[in-house]
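Chemist: coords please:
(one chain, ligands or ions: 2)
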Amino acid sequence: MSHYEKKNPLDLYPKPPFPEQEQQLPGLARKMTPRPDHGEESYVGLGRLKGFRGIVTGGDSGIGRAAAIALSREGADLALNYLPSEQADAEEVRDLLVREGRKVVLLPGDISDEQFCRDLVERAVAELGGLDTLVMVAGHQESNGDITTMTTESIDQTMKTNVYSLFWLTQAALPHLEPGSSIVTTGSIQGAEPSPDKLDYALTKGAIGVFTAGLAQQLAPKGIRVNSIAPGPIWTPLQPASSDGETVAHFGEQAPYGRPGQPAELGAAYVHLVSPESSYTSGATITIAGGTPAF
Ligand code: NAD
Ligand code: MG
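Modeler: Ligands and ions are numbered 1, 2, ... in the order given. Here you go, the predicted model:
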């Protein structure tokens, strides 16, 4: 069946209830049931990013893995970042893409650390011979419905991973980015519609939208575009690693589609925002949420 055949999006992928499952953060794609679809079998590249060189944070699993597969199949050379405990997931992505003749380098480390962010960019530039694409997908999420028990340590972890890293990575990348380069952030519908048990996470996701809108204007005179993807509920290890089993079993049920999205349903949007085909698109957010409104 052709990838471009008309299909009913409601029936494309598994629906809840799912088997109850929990993991420890950051979680692994390989431990999920059913296994998420990152476009391994379906994404067809058209050579839209030949010669591009990019960093993808969170590229080991979930939405970042789908972005990495799509960007790579379009021709981009990639450096993938993730936490060291996710090495097995990351190697699965690298092995798949390297078998297809692509260049993929693995640069594990913690982006909530300022110095690591700067080192990550320098090592990526050295490995790839330059940089024009900064795709920031990594994110930290914890659930806690009681503000009185939220620790400064956990709030800090969410803020540094989700927001500070955007500053540090962009600062380090900018000296290397020529006109035509682009930056893509990853927000969430949580940024506009916060769940009561995700105060700090939702705050960071709102901040990412604001960061994207402001930075797009700041970098427009340099010919560098800045855009964002705001996902709704997507079937990734972030969920079993930050919610209880019962919640995971019904994940995505509330979306108008009645199911969560699969990472594979986001890869093409990252490609679009990086590709020169979206040359007049900057400061934009693409919501990918199965009919859930963005606000
Ligand atoms: P995921 O667990 O597959 O990806 C998150 C990644 O973040 C991890 O793989 C990990 O490599 C990375 N990460 C976390 N903390 C890090 C740190 N300190 N240093 C380096 N890397 C770190 O889950 P996902 O759902 O694909 O998440 C990707 C992005 O999508 C996140 O920003 C998340 O907030 C966003 N998002 C997800 C959903 C959803 O329902 N899954 C919805 C909206 C937004
Ligand atoms: Mg992961």
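Chemist: Can you pull the residues of this structure lying near ligand 1?
Modeler: Residues of the chain lying close to ligand 1 (CB under 6 Å from any ligand atom) are 26-27, 57-58, 60-64, 81-83, 86, 110-112, 137-141, 161, 186, 188, 231, 233-234, 236-239. (C-beta placed from N, C-alpha, C; glycine too.)
Chemist: rerun that using 5 Å as the cut-off
Modeler: In this structure, the chain approaches ligand 1 at residues 26, 58, 60-63, 82-83, 110-112, 137-140, 161, 186, 188, 231, 233-234, 236-238, judged by CB under 5 Å from any ligand atom.
Chemist: Let me see the ranges of the helices in the stretch 1-150 of the chain.
Modeler: 62-73, 87-99, 114-128 (DSSP state H, counting those that start in this stretch).
Chemist: Columns mean neighbour count, distance to ligand 2 and mean pLDDT on top of those helices, output as a markdown table?
Modeler: Output for the helices of the stretch 1-150 of the chain, formatted as a markdown table (neighbours: other CB atoms under 10 Å; distance: least, CB to the ion, whole Å; pLDDT from 0 to 100):
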| stretch | mean neighbour count | distance to ligand 2 | mean pLDDT |
| --- | --- | --- | --- |
| helix 62-73 | 30 | 6 | 98 |
| helix 87-99 | 17 | 5 | 98 |
| helix 114-128 | 18 | 16 | 98 |
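Chemist: and these as a markdown table, adding distance to F167?
Modeler: Converted to a markdown table, the helices of the stretch 1-150 of the chain look like this (distance: least, CB to CB, whole Å):
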| stretch | distance to F167 |
| --- | --- |
| helix 62-73 | 19 |
| helix 87-99 | 24 |
| helix 114-128 | 9 |
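Chemist: Quick one: low-confidence residue ranges for this protein.
Modeler: 1-2, 295 (pLDDT under 70).
Chemist: So which bits of it are right by ligand 2?
Modeler: 26, 60-61, 86 (CB under 5 Å from the ion).
Chemist: what's near enough to touch the most centrally placed residue in the chain?
Modeler: Nearest to the geometric centre of the chain sits V137, at 2.7 Å (CA atoms, centre = their mean). When the contact criterion is CB atoms under 8 Å, 6 or more residues apart in numbering, the partners of V137 are 56-59, 62-64, 67, 186.
Chemist: in terms of contact, does T281 touch N227 like I think?
Modeler: Yes - applying CB atoms under 8 Å, one finds T281 in contact with N227, separated by 6.0 Å.
Chemist: Give me the more crowded residue out of those two.
Modeler: A count of neighbours by other CB atoms under 10 Å puts N227 above the other of T281 and N227, at 24 against 16.
Chemist: Pretty sure that one sits against V271.
Modeler: No - with contact defined as CB under 8 Å, N227 does not count as touching V271 (12.0 Å).
Chemist: Not including adjacent chain positions, what is the nearest residue to the closest residue to ligand 2 within the stretch 1-150 of the chain?
Modeler: In the stretch 1-150 of the chain, the residue found nearest to ligand 2 is S61; the distance is 3.2 Å by CB to the ion. Among residues not flanking S61 along the chain, A29 sits closest, at 4.0 Å (CB to CB, 6 or more residues apart in numbering).
Chemist: My guess is the one you found contacts A66. True?
Modeler: No - checked against CB under 8 Å, the pair A29 and A66 is beyond contact range at 10.4 Å.
Chemist: Spit out the residues that contact the two alike.
Modeler: Going by CB under 8 Å, 6+ apart, residues that sit against A29 and also against A66 are H38.
Chemist: Apart from its chain neighbours, what residue comes closest to A79?
Modeler: For A79, the spatially nearest residue (CB to CB, 6+ apart) is A124, at 3.8 Å.
Chemist: which residue ranges form the strands in the protein?
Modeler: Applying DSSP state E to the chain gives strands spanning 53-57, 77-81, 104-106, 133-136, 182-186, 225-231, 285-288.
Chemist: got JSON lines for these, with distance to R35 too?
Modeler: Converted to JSON lines, those look like this (distance: least, CB to CB, whole Å):
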{"stretch": "strand 53-57", "distance to R35": "20"}
{"stretch": "strand 77-81", "distance to R35": "19"}
{"stretch": "strand 104-106", "distance to R35": "20"}
{"stretch": "strand 133-136", "distance to R35": "23"}
{"stretch": "strand 182-186", "distance to R35": "21"}
{"stretch": "strand 225-231", "distance to R35": "18"}
{"stretch": "strand 285-288", "distance to R35": "20"}
